[in-house]
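**Student:** no FASTA, just this:
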């Protein structure tokens, strides 16, 4: 087990549930990256929209002819006009790119969610193959910790895994080293998302595969 825990991926040739979990984790990592792109594009659109509203409000209270005369007297009329034209073209281009990135990333996120749902169906299908190393955990606790604090190892603490402390450290360091936070967030989202589709017993417990690898 110790050798497995030091492995990043399952051994070459691994098939079945472990391979499916590995693919699910990779999809979770890609999903987090895509959502960050969507968030960046959305904030970019919002920022430029607010700037445009601000500039329009200033423009409505200032006489453009007075500004032009002042710039011409200062000998800066032509250069400033050219600079403003270039700035407007760059802003328009960035606006188009932001909209494309926002819609494309949101579409990609939906597609990834659908792929993950299909992968989860094969993982939790115990009629095809039983779990190799089953472990029980409270469903509500695992799901909420995974979604809300999974980036800091919350769901792994619910499983009482030593790896949880490493996730906690990586999550804290990830506040400065972004790839670490992306990793812990992607893995925890995939785990919590999978748990949502596992039926709990009368005591609120679910049974999941004790996956020993890092991805």
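**Tutor:** Done, it's in. Being a predicted model, the structure only gives us computed values, none of them experimental. Numbering: from 1, shown residues only.

**Student:** with adjacent residues omitted, what lies nearest to the residue most central in space within the chain?
**Tutor:** Closest to where the C-alpha atoms of the chain average out (C-alpha atoms, centre = their mean) is residue 32, at 2.0 Å. Using C-beta to C-beta, 6 or more residues apart in numbering and skipping residues adjacent in sequence, the residue nearest residue 32 is residue 186, 4.2 Å away. Placement of C-beta: from N, CA and C, glycine included.

**Student:** returning to that earlier point: correct me, but the residue nearest to the centre of the chain touches residue 182?
**Tutor:** Yes: contact criterion C-beta atoms under 8 Å: residue 32 and residue 182 qualify, at 5.5 Å.

**Student:** next structured bit after the helix or strand of the chain with the lowest mean pLDDT?
**Tutor:** Within the chain, no helix or strand scores below helix 2-5, which has a mean of 51 by mean pLDDT, DSSP states H and E. Using DSSP states H and E, the helix or strand that directly follows helix 2-5 along the chain is helix 17-61.

**Student:** so which elements touch that following helix?
**Tutor:** The contact analysis (3 or more C-beta pairs under 8 Å, 6 or more residues apart in numbering; DSSP states H and E) places helix 17-61 against helix 77-123, helix 178-195, strand 205-209.

**Student:** turn those into a markdown table, including distance to residue 22, mean neighbour count and mean pLDDT.
**Tutor:** Listed next are these as a markdown table, based on distance: least, C-beta to C-beta, whole Å; neighbours: other C-beta atoms under 10 Å; pLDDT from 0 to 100:
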| stretch | distance to residue 22 | mean neighbour count | mean pLDDT |
| --- | --- | --- | --- |
| helix 77-123 | 10 | 14 | 83 |
| helix 178-195 | 10 | 21 | 96 |
| strand 205-209 | 11 | 19 | 96 |
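
**Student:** please convert those to JSON lines, extending it with distance to residue 52.
**Tutor:** Formatted as JSON lines, these follow (distance: least, C-beta to C-beta, whole Å):
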{"stretch": "helix 77-123", "distance to residue 52": "8"}
{"stretch": "helix 178-195", "distance to residue 52": "29"}
{"stretch": "strand 205-209", "distance to residue 52": "49"}
